[in-house]
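# structure for the following, please:
(2 chains)
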There are 2 protein chains.
Amino acid sequence: MDTVKILEVKENVFKENEVNATTVREEFKEKKKLMINVMSSPGSGKTTTLVRTIQMIQPEYKVGVMECDIDASVDAETIQATGAKSIQLHTGGMCHMDAQMTKQGLDEMGIDDIDVCFIENVGNLVCPAEFDTGADINLTILSVPEGDDKPAKYPLMYEVSDIVLVNKIDALVVFDFDKTLMEERVHKLNPSAKIFYISAKTGEGFDAWINELRSLIQERKGA
Amino acid sequence: MDTVKILEVKENVFKENEVNATTVREEFKEKKKLMINVMSSPGSGKTTTLVRTIQMIQPEYKVGVMECDIDASVDAETIQATGAKSIQLHTGGMCHMDAQMTKQGLDEMGIDDIDVCFIENVGNLVCPAEFDTGADINLTILSVPEGDDKPAKYPLMYEVSDIVLVNKIDALVVFDFDKTLMEERVHKLNPSAKIFYISAKTGEGFDAWINELRSLIQERKGA
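Numbering: from 1, shown residues only, chains lettered A, B, ... in the order given. Coordinates of the predicted model:
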């Protein structure tokens, strides 16, 4: 039965991944740098959100971004234009990032001259939730057009997410999106998840998210 | 190296899957029934599109739907309300449907009293593209808010898709979405892919898609 085979292998992969993730996380803690793993569906606005975020925290903080795509590289070019350090990782068809890939990316990019590193994970609400990348914070972007029911349908993603950015709030006028219901669904899965409403297109709502990000970076620096 | 391990197992899984997919496809051909595998990102409107599609082809044709979710079951209930035959498959955390799961679902649902069967695959643009479900037609829904660049970013999905339904065209007013560019990207990956523009919310554009669907069902019936 192929199902059983997959599960056995997955267990080994998960164990190895845990070890790698812990190594990455310890290095970041020791060097007083922060890593945030950004996950979402395809087209939720990960890159646009990162661009605006970088623009708002530079030059105060130095930013690195690891762009993970199956084989495209347009996003890394977009990020590079902000002045942030950027590297494109091709997952070779893999549907998620794992800690080993993170390590490879970090070694190649170098982290000594950055304060905060973002992983832009593969656009996928399923597999990335299963693999610890070694990041300190998991962040999920939920865009309004996807619907308020996504936490109920992809529960693991919301269970593992510390921060939820609800993006494209400028499109709330044309979509039925129940904020209260969505918040209830998120907090049922993860009571301590922090939720921010943003529009990466217009900049609305970014102040609160950026304040949170600054606090997290400062906390890590021990300031 | 865990990457190598995964690949070896995947090869076996793919081989077994091909055999199962062929068995399913031959059964459908012999029984003159059609199966369509519906794939998309989370929140692109798979269920809403299916509901309207079913309403437009019933009672002329009898419809069966296999709803695949990680562990939710709201979609199957929505489908059942249309009068179509419906079954909910829980993939147990798996990020895609394969042909073995399709067979299990079909055995449980029964296909003797249906003309066309839809698989609503897990919302994911990566993994479902890799696994042949045994369906005759692969259909991808791309919703306008996701952006016109999705074919470039998730190429395999568009390579394997015979039909692309561009959904949420009622939201074109609030999003930058270049139809020509999107069509070029799709046809570069799959020159024979048929593209239809729809709004599952308003019904706009459904006539052309339903005509195509009728032709496919009739062709399979040999009428």
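# and the residue nearest the centre of chain A, backbone torsions?
Nearest to the geometric centre of chain A sits residue A:38, at 0.9 Å (CA atoms, centre = their mean). Dihedral angles of residue A:38 (phi, psi; degrees, to the nearest 10) stand at phi -100, psi 120.
# what of residue A:65?
Dihedral angles of residue A:65 (phi, psi; degrees, to the nearest 10) stand at phi -130, psi 130.
# for it, list the residues it contacts.
A:50, A:54, A:76, A:79, A:84, A:85, A:86, A:87, A:117, A:118, A:119, A:120 (CB atoms under 8 Å, 6 or more residues apart in numbering or on different chains). (C-beta placed from N, C-alpha, C; glycine too.)
# do residue A:170 as well
By CB under 8 Å, 6+ apart, residue A:170 lies in contact with A:199, A:201, A:202, A:204, B:174.
# save the residues you listed as a markdown table, and put in pLDDT, secondary structure and distance to residue A:149 too.
Below are those laid out as a markdown table (pLDDT from 0 to 100; DSSP: H, G, I helix; E, B strand; the rest coil; distance: CB to CB, whole Å):
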| residue | pLDDT | secondary structure | distance to residue A:149 |
| --- | --- | --- | --- |
| A:199 | 98 | coil | 21 |
| A:201 | 96 | coil | 23 |
| A:202 | 97 | coil | 25 |
| A:204 | 98 | coil | 23 |
| B:174 | 91 | helix | 21 |
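# tell me the most packed of those residues, by neighbour count.
The most neighbours of any of the contacts of residue A:170, using other CB atoms under 10 Å in any protein chain shown, belong to residue A:199, which has 22 neighbours.
# which element, helix or strand, includes the residue nearest to residue A:79 when sequence neighbours are not counted?
Distances taken as CB to CB, 6 or more residues apart in numbering or on different chains put residue A:86 closest to residue A:79, at 4.3 Å, once the chain neighbours are dropped. Using DSSP states H and E, residue A:86 sits within strand A:85-90.
# helices or strands up against the following helix or strand past that strand?
Under the assignment DSSP H and E, the closest C-terminal helix or strand after strand A:85-90 is helix A:99-109. Secondary-structure packing of helix A:99-109 (3 or more CB pairs under 8 Å, 6 or more residues apart in numbering or on different chains; DSSP states H and E): helix A:2-30, strand A:63-69, strand A:85-90, strand A:116-120.
# what about helix A:99-109, average pLDDT?
The pLDDT scores in helix A:99-109 average 90.
# do the same with stretch A:40-58
97.
# tell me the pLDDT of the residue nearest to residue A:115 when sequence neighbours are not counted.
Spatially, and ignoring its direct neighbours in sequence, residue A:115 is nearest to residue A:61 (4.3 Å; CB to CB, 6+ apart). Here the pLDDT value assigned to residue A:61 is 97.
# wait, residue A:61 sits on residue A:118?
No - assessed by CB atoms under 8 Å, residue A:61 is found out of contact with residue A:118, at 11.5 Å.
# which stretches of chain A have low pLDDT?
Scanning chain A with the threshold set as pLDDT under 70 gives A:1-13, A:223.
# if we use 80, what do you get?
Along chain A, the model assigns pLDDT under 80 to residues A:1-14, A:70-74, A:91-94, A:223.
# ok so, going back, what is the nearest of the contacts of residue A:65 to residue B:132?
residue A:120 (29.7 Å; CB to CB).
# could I get the contacting residues of that closest one?
Taking CB under 8 Å, 6+ apart, we find residue A:120 in contact with A:38, A:46, A:47, A:50, A:65, A:66, A:67, A:68, A:75, A:79.
# go again with 10 Å.
By CB atoms under 10 Å, 6 or more residues apart in numbering or on different chains, the contact list for residue A:120 reads A:36-40, A:46-47, A:49-50, A:65-69, A:75-76, A:79, A:86, A:88-89, A:97.
# could you do residue A:38 as well?
Residues near residue A:38 by CB under 10 Å, 6+ apart: A:44, A:46-47, A:49-50, A:53, A:65-66, A:68, A:118-121, A:128, A:135, A:137-141, A:163, A:165.
# bridging residues for it?
residue A:120, residue A:139 (DSSP bridges).
# before we move on, back to that, is it true that the residue nearest to residue A:115 touches residue A:116?
Yes - contact criterion CB atoms under 10 Å: residue A:61 and residue A:116 qualify, at 5.8 Å.
# shared neighbours of the two, anything?
By CB under 10 Å, 6+ apart, residue A:61 and residue A:116 have these common neighbours: A:34, A:54, A:84, A:213, A:214, A:217, A:221.
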